[in-house]
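> Here you go, sequence then predicted model.
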2 protein chains.
Amino acid sequence: MTPTPAGATPVAASRPDAPQRRSRARRGEGDRLREEILAAAERLLVETGDEAALSIRAIASAVGVTPPSIYLHFTGRTDLLFAVCERHWAQLSAAMDAAAGGVEDPVERLRRRGEAYVRFGLEHPEHYRVLMMRRPDQTPDRFTDERLASTAGLEVVAADLSAAMEAGRFPRQDPMEAAVLLWMAVHGMVSLLISKPDFPFPPPKQLFDHLYRMTLAGFGGPAS
Amino acid sequence: MTPTPAGATPVAASRPDAPQRRSRARRGEGDRLREEILAAAERLLVETGDEAALSIRAIASAVGVTPPSIYLHFTGRTDLLFAVCERHWAQLSAAMDAAAGGVEDPVERLRRRGEAYVRFGLEHPEHYRVLMMRRPDQTPDRFTDERLASTAGLEVVAADLSAAMEAGRFPRQDPMEAAVLLWMAVHGMVSLLISKPDFPFPPPKQLFDHLYRMTLAGFGGPAS
DNA sequence: TGTACATCAGTGAACGCGCGTTCACTGATGTAC
DNA sequence: TGTACATCAGTGAACGCGCGTTCACTGATGTAC
């Protein structure tokens, strides 16, 4: 994911295929290992699709290093796990911002953010599971409240909803609460599709269109 | 949960407080242990709120029996775990049926079923997690498709939606797909409330009312 | 330019833990005679 | 009514596993003199 940091002079620098030998970092470059650990953990998460596969030993062996080395950069497994999560949060909200970028119409902005949210979830199911579906006692406190709200983009959504209400495109109501409901709707869609992949759901695109009609465009008149 | 089966003559029969000693079952009553195991597992699930607490050893000790005894009635941990789940499915759909029982108006029926669904989820968060949020590879095949659909009550919801459409109370659309969307909406609400209990959500009742307005009652006109 | 030395990136071996599962067994219970 | 015996509900001890984490260590790298 992250490109190899510049200055990695050694020849056999961590090839993802043969993670057997790893060249020791040079004097000031101890942090190189930290990045490699995070990258390997990320890769393991994607490949196995199971957060449980991120054991200290598995990660160490994926990097080509012994387990104790992990502790040079992380205080323990939990710390490492959340360092990985940290990146996912940024990705999700960045994906939504990118999708809405440059669009003026507030309803269309909402639609695009919703689509991006669903797409992120379906394309990174295990990331989404860690972010949004984890047991709360396995989620650190700093990943709640404002952090969570900004990741889901609640303020932005509420602002677009307000604009839509101003323009008479959406019935007047508490924009923040409506934003939460929209969040719950897309979350329900993503998490159910992730957890029950064998259930004969309609295709995601069709579902999302229908959801959009039922919650946003459908207001004020029957669906087509 | 289940009452002690009749004929349990022994004096110190499994008191939930002091599960130390357990009287051996009489000759034909080997199945008594099976029930006690299931009850203990259920109790552990509720008390700890963590499915991971249901280890063979923990359950055995809760019953007052040694670990190998479990294998007299279950082929392994997985088998036992899903035997416990089996009961939750029945509970969820029974709760919804009870809530809608005797109500004629289809929209009101939908509302009551939705409320019951949310209530079940919030009152039994760990049950709900096992039922609906588990990794698919940790859920047995027999818990998908028709089973899942009937637990969520999709057919009944679709029927009520059809009736509501007939009566002009809801815009015409594919009732089964709309039922799936309503399922996703309540699921999103329940699962997010469960996974992020510290997030400053509005109170569940208010959320559900708003959700109901946005999806069902809100169609055809602005919310109050 | 050469050498002693501090620093720093890691290693190797081991710890204790709880887990699911197995196997050979025991001892109370009921039944056949 | 009394006794040998088959049955059945469990037990006790142990297995191998992967885990997170620790501790004392090594050996290459750069720096001071």
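Thanks, I have the structure now.
> Measure how far the worst-scoring helix or strand of chain A on mean pLDDT is from the centre of its chain, please.
With mean pLDDT, DSSP states H and E as the measure, the helix or strand of chain A carrying the lowest mean pLDDT is helix A:146-152 (a mean of 89). Put simply, helix A:146-152 sits 12 Å off its chain's centre (CA atoms, centre = their mean, to the nearest Å).
> And stretch A:121-134, by the same measure?
Its chain's C-alpha centre and that of stretch A:121-134 lie 6 Å apart, by CA atoms, centre = their mean.
> Who are the packing partners of the least confident helix or strand of chain A?
Counting by 3 or more CB pairs under 8 Å, 6 or more residues apart in numbering or on different chains; DSSP states H and E, the packing neighbours recorded for helix A:146-152 are helix A:77-100. For every residue, glycine as well, the C-beta is placed using N, CA and C.
> Which residues does the helix it packs on contact?
Contacts with helix A:77-100, where a contact means CB atoms under 8 Å, 6 or more residues apart in numbering or on different chains, come from A:37-38, A:41-42, A:45, A:51, A:54-56, A:59, A:70, A:74, A:109, A:112-113, A:115-117, A:119-120, A:124, A:127, A:130-131, A:140, A:143, A:147, A:150-153, A:156.
> same question, stretch A:37-46
So stretch A:37-46 is in contact with A:1-2, A:16, A:19, A:51, A:53-54, A:58-59, A:62-63, A:65, A:70, A:73-74, A:80-81, A:83-84, A:87, A:124, A:126-127, A:130, going by CB under 8 Å, 6+ apart.
> Please flag which of those sit within helices.
Counting by DSSP state H, the contacts of stretch A:37-46 place A:58-59, A:62-63, A:70, A:80-81, A:83-84, A:87, A:126-127, A:130 in helices.
> residues from chain A in reach of DNA strand C?
Proximity of chain A to DNA strand C (CB under 7 Å from any atom of the strand) is limited to residues A:22, A:24-25, A:27-30, A:32-33, A:65-69, A:72.
> Can I have the buried ones of the residues you listed as a PyMOL selection?
Entered in PyMOL, the line below selects the buried ones among those, by 16 or more other CB atoms under 10 Å in any protein chain shown:
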select buried, chain A and resi 22+25+32+33+65+69
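> Which ones among the residues of chain A next to DNA strand C map onto helices?
Counting by DSSP H, the residues of chain A next to DNA strand C place A:R32, A:L33, A:P67, A:P68, A:S69 in helices.
> okay, the last one: pLDDT?
What it means is A:S69. Here the pLDDT value assigned to A:S69 is 97.
> Contact partners for it?
Contact analysis of A:S69 by CB under 8 Å, 6+ apart lists A:L33, A:A60, A:V63.
> which one of those is nearest chain B?
Of all these, chain B sits closest to A:A60, with 23.9 Å by CB to the nearest CB.
> Can you give me every residue that contacts A:G49?
Counting by CB under 8 Å, 6+ apart, A:G49 makes contact with A:P125, A:E126.
> and A:M96, how many neighbours does it have?
Using other CB atoms under 10 Å in any protein chain shown, A:M96 is surrounded by 24 other residues.
> again but with A:A167, I slipped
11.
> Chain B versus that one, what's the distance?
14 Å (CB to the nearest CB, to the nearest Å).
> Do I have it right that that residue meets A:E104?
No - if you go by CB atoms under 8 Å, A:A167 and A:E104 don't touch, sitting 11.3 Å apart.
> before we move on, back to that, show me the two of the ones in helices among the residues of chain A next to DNA strand C that sit farthest apart.
Farthest-apart pair in these is A:R32 and A:P67; separation 18.1 Å (CB to CB).
> coming back round to it: will you turn the ones in helices among the residues of chain A next to DNA strand C into CSV that also has distance to B:K196?
Formatted as CSV, these follow (distance: CB to CB, whole Å):
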residue, distance to B:K196
A:R32, 35
A:L33, 33
A:P67, 33
A:P68, 35
A:S69, 34
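> which of the residues of chain A next to DNA strand C has the weakest pLDDT?
Within the residues of chain A next to DNA strand C, pLDDT reaches its minimum at A:G28, with 75.
> re the thing from before, among the contacts of helix A:77-100, which are in reach of DNA strand D?
Okay, of the contacts of helix A:77-100 touching DNA strand D (CB under 7 Å from any atom of the strand), that's A:S55, A:I56, A:I70.
> count of neighbours near the first one?
By other CB under 10 Å, 12 other residues sit near A:S55.
> check contacts around it.
A:R77.
> quick check: domain ranges of chain A?
Structural domains annotated on chain A: A:28-74, A:82-218, as defined by automatic domain parsing.
> tell me which residues in the helix or strand containing A:A41 are buried?
A:A41 belongs to helix A:31-48 when assigned by DSSP states H and E. Within helix A:31-48, the residues scored as buried using 16+ other CB under 10 Å are A:32-45.
> end-to-end on stretch A:132-145?
End-to-end distance of stretch A:132-145: 13 Å, with CA to CA, to the nearest Å as the criterion.
> so where's chain A shaky on pLDDT?
Scanning chain A for pLDDT under 70 picks out A:1-21, A:218-224.
> Any idea which residue of it lies closest to DNA strand C?
For chain A and DNA strand C, the shortest gap (CB to the nearest atom of the strand) falls at A:G30, measuring 2.3 Å.
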